[in-house]
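Trainee: Sequence plus predicted model, see below.
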Amino acid sequence: MERVMNVTKELFVKLTQNSLKDDEKVLLEGWVRGNRDNGKIGFIEFNDGTTFKNIQLVYDHELLSKEIYDKCAHFKYAGAIKVEGKIKLTPENKQPFEVVVIDAEVLGDVDEDYPLQKKRHSFEFMRDIAYLRPRANTFNALFRVRNILAYAIHKFFQERGFMYVHTPLLTTNDAEGAGQTFKVCEDLKNPTEFFNANTSLTVSGQLHVEPFALTFRDTYTFGPTFRAEHSNTSRHASEFWMIEPEIAFADLEDDMNLMEDFLKYIMSYVLENCKEEMDFFNTMIEKGVLDKIQHVLNSPFKRMTYTEGIEILKEAVKNGEKFEYNHIEWGMDLQSEHERYLTEKVVKGPMFLIDYPKDIKSFYMKLNKDGKTVAACDLLVPGVGEICGGSQREDDYEKLKARMEKEGNDKTLDWYLNLRRYGGCIHSGFGLGFDRLLMYMTGLSNIRDVQPYPRTPGSIKY
């Protein structure tokens with residue numbers, strides 16, 4: 001079957017190039033997004049999937065046979081149609097052009113029980129019909145942004161010479177040490193039978209990408225990760241995507257510079273290439289989301305030590321600031337409300353909180369000279385608090401070995417430890433949750449609404 005040559009994206013491109021002409025014939029295939037008929041003239045909102053914007057098809061009884069007019073008048077919402085028509089430029093109207101119908105036919109009709117109608121549906125309802133929700137405006141815009149954001153991530157790294165590594169989804173290691181992994185086995189009574197080892201779905205690609213950084217220098221992995229947390233919050237999912245670069249001959253400062261450059265690049269790329277979609281989110285989902293992103297883009301990412309942050313929070317409590325978790329002490333894991341206070345009220349912009357207590361961070365993080373803190377950072381932004389985290393990796397064999405022995409993973413991760421004996425060097429990296437970044441950029445408040453088919457405790461419908 002020969003592909004139809006005209007798609008609406010091309011028509012908009014030709015319009016910007018002043019090469020779209022009156023009476024130019026077009027042949028289109030797509031879906032009905034609305035249909036109004038007043039008996040003498042009708043208007044179809046049409047979308048073929050190539051742009052977020054609909055175009056208007058006009059069917060006029062004076063130009064069409066009764067058979068074709070009646071056919072157009074009965075096109076149903078969401079029906080797939082094929083239309084032959086000609087361009088009519090309308091620069092004085094809201095829509096710069098429309099298509100006057102010459103002929104049309106139904107390619108795929110719609111049954112009466114079609115669950116989506118041309119009205120607002122709740123996000124909860126839409127999650128129940130995840131296979132249809134890309135057709136709704138919010139999700140149509142969301143998945144377009146998701147696509148462009150994923151492309152921008154690869155574009156950023158590839159243009160800078162990074163090596164893309166596919167890290168395994170099946171692993172014997174729990175990189176975070178949390179133990180909240182999905183176990184993989186054929187026989188529940190003999191969980192090690194298939195692989196001859198206790199196997200689980202990965203919680204992070206970091207440990208597997210580090211060896212590649214110690215060969216190719218600058219590397220990254222970008223793929224699905226899994227957590228078996230029985231959490232039903234709006235920010236947790238059982239399956240989500242992570243961006244995890246790893247860079248050799250780089251310390252924590254280099255890592256933070258990379259984070260800032262990366263985040264600003266991909267945000268700018270989305271704003272530039274998803275103008276209509278981002279305007280939609282700014283108008284319909286979170287008023288001010290564009291200003292929020294611009295504030296991040298236009299701000300230097302400041303640095304503050306964890307110890308300084310704790311002192312500021314203690315002082316705030318002393319001066320009457322009310323937190324839900326009001327007991328502030330050195331060594332605690334900061335809550336989101338504390339992070340937001342620092343980034344929104346103190347710094348008033350994006351910031352790195354650095355040098356965390358070693359006991360609340362992972363074993364692989366570089367021990368600082370004080371012996372109490374590690375060279376780790378969390379990137380905090382107004383609106384959510386932590387959005388990204390990274391560290392310089394421990395490159396000292398003896399220090400890493402001691403930490404791993406203490407945590408009991410020195411036997412399963414001996415290969416990781418050996419990297420320090422076989423030509424190791426200082427290296428650093430970070431992890432950024434792709435889905436949470438999408439939440440931040442679109443204003444959607446639930447992670448279930450930024451994933452095509454969300455996987456959460458008690459829910460795996462599709």
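Mentor: That came through, no problem.
Trainee: continuing past the helix-or-strand element of the chain with minimal mean pLDDT, what's the next helix or strand?
Mentor: The helix or strand of the chain with the poorest confidence is strand 183-184; it has a mean of 82 (mean pLDDT, DSSP states H and E). Using DSSP states H and E, the next helix or strand after strand 183-184 towards the C-terminus is strand 199-201.
Trainee: which outside residues touch that next one?
Mentor: Strand 199-201 has contacts (C-beta atoms under 8 Å, 6 or more residues apart in numbering) with 169-172, 174, 181-185, 191-192, 225-226. Every C-beta, even on glycine, is put in place using the N, C-alpha and C of the backbone.
Trainee: now it: mean pLDDT?
Mentor: On average, the pLDDT along strand 199-201 is 87.
Trainee: ChimeraX command for the buried members of the contacts of strand 199-201?
Mentor: In ChimeraX, this line selects whichever of these come out buried by 16 or more other C-beta atoms under 10 Å:
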select :171,174,181,191,225,226
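Trainee: Now the two most distant members of the contacts of strand 199-201.
Mentor: Between any two of these, the greatest separation by C-beta to C-beta is 22.5 Å, found for T192 and T225.
Trainee: Which residues does stretch 28-38 contact?
Mentor: Stretch 28-38 has contacts (C-beta under 8 Å, 6+ apart) with 4, 6-8, 42-49, 54, 59, 72-73, 75-83, 85, 99, 107, 118, 135.
Trainee: hang on, I meant stretch 313-323
Mentor: 326, 328, 334-335, 337-338, 341-342, 345.
Trainee: What's the PyMOL line that selects buried ones from these?
Mentor: Restricted to buried positions by 16+ other C-beta under 10 Å, the PyMOL selection for the contacts of stretch 313-323 reads:
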select buried, resi 328+334+338+341+342
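Trainee: Include distance to S459 when you put the contacts of stretch 313-323 into JSON lines, please.
Mentor: Putting the contacts of stretch 313-323 into JSON lines (distance: C-beta to C-beta, whole Å) gives the following:
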{"residue": "N326", "distance to S459": "34"}
{"residue": "I328", "distance to S459": "36"}
{"residue": "L334", "distance to S459": "30"}
{"residue": "Q335", "distance to S459": "26"}
{"residue": "E337", "distance to S459": "28"}
{"residue": "H338", "distance to S459": "31"}
{"residue": "Y341", "distance to S459": "33"}
{"residue": "L342", "distance to S459": "34"}
{"residue": "K345", "distance to S459": "36"}
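Trainee: Out of the contacts of stretch 313-323, flag the one nearest to D254.
Mentor: D254 has its nearest neighbour among those in L342, at 23.3 Å by C-beta to C-beta.
Trainee: a helix runs through the closest one, doesn't it?
Mentor: Yes - read with DSSP: H, G, I helix; E, B strand; the rest coil, L342 is one of the residues of a helix.
Trainee: In contact with it, which residues are there?
Mentor: Applying C-beta under 8 Å, 6+ apart, we find L342 in contact with 304, 309, 312-313, 351, 353, 380.
Trainee: need the contact list for the closest residue in space to F139 that isn't next to it in sequence.
Mentor: Excluding the flanking residues, the one nearest F139 by C-beta to C-beta, 6 or more residues apart in numbering is R133, at 4.4 Å. With contact taken as C-beta under 8 Å, 6+ apart, R133 is in contact with 126-127, 139.
Trainee: still on that earlier bit, show me what the least confident helix or strand of the chain is packed against.
Mentor: strand 199-201 (3 or more C-beta pairs under 8 Å, 6 or more residues apart in numbering; DSSP states H and E).
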